[in-house]
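Colleague: The amino acid sequence is not available; the structure is as follows:
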């Protein structure tokens, strides 16, 4: 979902304050070195016993997504593989100097193809592409920080023709489907593709008249004046409808004002984007056919990422997923239920009623609170407490950063805390999603979200500490299914230290980390482990740890992590 307009900025601020998450930049405070009485921490570790053998599974069907690691590519900002497509349309919508973040920077599908080996070596098994279909190439006036700017469709979410490609991303224009075939073929079976589709809306209702007049010059629609092209939608170049054409494809309402009102959410315009009426047979057929189209064009397409699912009635999603399953078998679809958290009834109801999985926004929230604001690690069992009511909570997709939210490093999270956050994401329940550049510590200081969370990728250094960290953890997920399918066994919890096991039969993983700002280290015993007796090698450091009768002596310093696996057991004791 893309947030662009001043109306949306107002909504996001209200939403953020309602949910207790401030959208403004928060600077991390440096830890204060001081001694801490270990007896208090050890005593508090006995709390939350209910979670000690917590299993989030229930009788609800499991989600289709398997033991995967997802890598999200924001196409325009990832890699420039073909400079000839950088500044199409007379250069109206591009900035090759990468100063205006509201314009195209030059990333394209050729750049993605060129870096597929890099993504595979990182350990990703699924590639999520932001939208590749043709967009409405217009500009929308927008005021940010008191300055007037013009937003373009560089992000890809202003759909104009779901049956053609965005020429800014291809080698040979809007019908260069060979590049999608090449991408799918070179991804191979080891890197399945998720395509991002938009079923809620088309493109801006508030585009400037000048940019609409430009469109009418380069791609006229007979009998349709420029001003009537707002929100227009095409099928393989053929005009279908617009907000002003009277064809009945759109809801007749303006922008959403009350985001707590279900009717407005599903029938009004999301940030002034033409809102499609999915109950109209022609609209439904168009959207169904578009998914068929890409299934035929793209080899190795294993699922879709559905944008803005809470803004489309649930029956549409149930029908669409049933239709796709009947034609292609079970698909790994992911929905963006933005603005809701796993513990909220609306999120829970949608998750249980639909085949698709959803993104779990709460890990990011917990990481920010725990590592930037020194909140207690109690946040984690509170987060997991909603899992039994969700059903297959282990099928949620977890993330730290994404294209709609500020990068935590940009907000002020220290590098060592980001290492811990990455470790936590890979160790806890859910399927991890890596936002492009996380592995290179890519961020802009003071990032307060869209568009500054979308810088151009600067480096593809496979020796970077974050790259190697993710590589090791992704490899562990492949070798030990407990991280995808196991239950969570909490064995130690204090404000500053958390330790848990993931248990799937004989497959087990132990994870511990500390943010205790004391001088020196904490030495204590972890008890009640289910890991077999033996000597284990830490996945991250190579240090050896001995488990005997469910007891593991550990030593943790501020910022350290321990990751043990039954797949890395050196010998029995």
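Modeller: Sure, I can see it. Owing to the predicted nature of the structure, the values given are computational and were not obtained by experimental measurement.
Colleague: Quickly list the domain ranges of the protein.
Modeller: 6-30+124-160+177-458, 489-571 (automatic domain parsing).
Colleague: just so I know, which of these lies nearest residue 95?
Modeller: domain 6-30+124-160+177-458 (9.2 Å; Cβ to Cβ). C-betas here are computed from N, CA, C, even on glycine.
Colleague: How about the contacts made by the residue nearest to the spatial centre of the chain?
Modeller: The centre of the chain sits closest to residue 402, judged by Cα atoms, centre = their mean, with a distance of 4.9 Å. Applying Cβ atoms under 8 Å, 6 or more residues apart in numbering to residue 402 gives the contacts 72, 359, 433, 435, 453.
Colleague: ok, which pair from these is furthest apart?
Modeller: Farthest-apart pair in these is 359 and 453; separation 15.4 Å (Cβ to Cβ).
Colleague: Counting neighbours, go ahead and name the busier of the two.
Modeller: In terms of neighbours (other Cβ atoms under 10 Å), residue 453 is the more surrounded of residue 359 and residue 453; the figures are 26 against 23.
Colleague: pretty sure residue 386 is in contact with residue 340, am I right?
Modeller: No - judged on Cβ atoms under 8 Å, residue 386 makes no contact with residue 340 at a distance of 11.5 Å.
Colleague: follow-up on the earlier one: which of the contacts of residue 402 sits closest to residue 507?
Modeller: When the contacts of residue 402 are ranked by distance to residue 507 (Cβ to Cβ), residue 433 comes first, at 22.5 Å.
Colleague: in what helix or strand does that closest one lie?
Modeller: strand 431-435 (DSSP states H and E).
Colleague: now the very next helix or strand once past that strand, how far from the chain's geometric center?
Modeller: For strand 431-435, the following helix or strand on the C-terminal side (DSSP H and E) is helix 465-479. Computed by Cα atoms, centre = their mean, to the nearest Å, the chain-centroid distance of helix 465-479 equals 18 Å.
Colleague: list the buried ones in the next helix or strand after helix 465-479?
Modeller: Using DSSP H and E, the helix or strand that follows helix 465-479 in sequence is helix 482-485. Neighbour counts over helix 482-485 (16 or more other Cβ atoms under 10 Å) mark 482, 483, 484, 485 as buried.
Colleague: pLDDT weak spots in the stretch 451-573 of the chain?
Modeller: Scanning the stretch 451-573 of the chain for pLDDT under 70 picks out the ranges 573.
Colleague: rewinding a little: between the domains of the chain, which has the poorest average model confidence?
Modeller: Mean pLDDT values for the domains of the chain show the minimum at domain 6-30+124-160+177-458, a mean of 91.
Colleague: what about the helices in the stretch 201-350 of the chain?
Modeller: For the stretch 201-350 of the chain, the helices defined by DSSP state H, counting those that start in this stretch occupy 209-218, 262-267, 281-297, 314-328, 345-353.
Colleague: which parts of the first one are buried?
Modeller: So the one you mean is helix 209-218. By neighbour count, with 16+ other Cβ under 10 Å as the criterion, the buried positions of helix 209-218 are 211, 212, 214, 215.
Colleague: Residue 445: which of the residues you listed is nearest?
Modeller: When those are compared for distance to residue 445 (Cβ to Cβ), residue 211 wins out at 32.5 Å.
Colleague: would JSON lines of the helices of the stretch 201-350 of the chain with distance to residue 424 be doable?
Modeller: Formatted as JSON lines, those follow (distance: least, Cβ to Cβ, whole Å):
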{"stretch": "helix 209-218", "distance to residue 424": "44"}
{"stretch": "helix 262-267", "distance to residue 424": "32"}
{"stretch": "helix 281-297", "distance to residue 424": "34"}
{"stretch": "helix 314-328", "distance to residue 424": "30"}
{"stretch": "helix 345-353", "distance to residue 424": "21"}
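Colleague: and residue 115, which of those helices is closest to it?
Modeller: Closest among the helices of the stretch 201-350 of the chain, using Cβ to Cβ: helix 281-297, at 21.4 Å.
Colleague: Mind giving me the packing neighbours of the closest one?
Modeller: In terms of contacts (3 or more Cβ pairs under 8 Å, 6 or more residues apart in numbering; DSSP states H and E), helix 281-297 is packed against strand 159-165, helix 177-187, strand 192-197, strand 301-306, helix 314-328.
Colleague: got these as JSON lines, with distance to residue 496 and mean neighbour count columns?
Modeller: As requested, these are exported to JSON lines (distance: least, Cβ to Cβ, whole Å; neighbours: other Cβ atoms under 10 Å):
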{"stretch": "strand 159-165", "distance to residue 496": "47", "mean neighbour count": "23"}
{"stretch": "helix 177-187", "distance to residue 496": "42", "mean neighbour count": "18"}
{"stretch": "strand 192-197", "distance to residue 496": "37", "mean neighbour count": "22"}
{"stretch": "strand 301-306", "distance to residue 496": "36", "mean neighbour count": "24"}
{"stretch": "helix 314-328", "distance to residue 496": "42", "mean neighbour count": "15"}
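Colleague: So which of these is nearest residue 285?
Modeller: Per Cβ to Cβ, nearest to residue 285 of the helices and strands packed on helix 281-297: helix 314-328, 10.8 Å.
Colleague: quick one: that closest one to strand 192-197, angle?
Modeller: Going by axes from the mean of the first three to the mean of the last three Cα atoms, to 10 degrees, helix 314-328 is angled at 140 degrees with respect to strand 192-197.
Colleague: what packs against helix 314-328?
Modeller: Secondary elements touching helix 314-328 (3+ Cβ pairs under 8 Å, 6+ apart): helix 281-297, helix 345-353.
Colleague: Run through who's touching it.
Modeller: Contacts of helix 314-328 with the rest of the structure, by Cβ under 8 Å, 6+ apart, involve 199, 278, 284, 287-288, 291-292, 295, 304, 306, 309, 331, 333, 335, 350, 353-356.
Colleague: Can I have the buried ones of the residues you listed as a PyMOL selection?
Modeller: Only the buried entries of the contacts of helix 314-328 go into this PyMOL selection, using 16+ other Cβ under 10 Å:
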select buried, resi 199+278+284+287+288+291+295+304+306+309+331+333+335+350+354+355+356
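Colleague: which residues does the residue nearest to the centre of the chain form a beta bridge with?
Modeller: residue 405 (DSSP bridges).
Colleague: follow-up on the earlier one: kindly reformat the helices and strands packed on helix 314-328 as JSON lines containing distance to residue 559.
Modeller: Below are the helices and strands packed on helix 314-328 laid out as JSON lines (distance: least, Cβ to Cβ, whole Å):
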{"stretch": "helix 281-297", "distance to residue 559": "44"}
{"stretch": "helix 345-353", "distance to residue 559": "32"}
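Colleague: closest to residue 85 out of those?
Modeller: Closest approach to residue 85 among the helices and strands packed on helix 314-328 is made by helix 281-297 (19.0 Å; Cβ to Cβ).
Colleague: Can you name the residues in contact with the closest one?
Modeller: In contact with helix 281-297 (Cβ under 8 Å, 6+ apart) are residues 133, 162-163, 177, 180-181, 195, 197, 199, 233, 235, 240, 249, 276-278, 301, 304, 316, 319-320, 323-324, 327-328.
Colleague: Kind regards, and thank you for your time.
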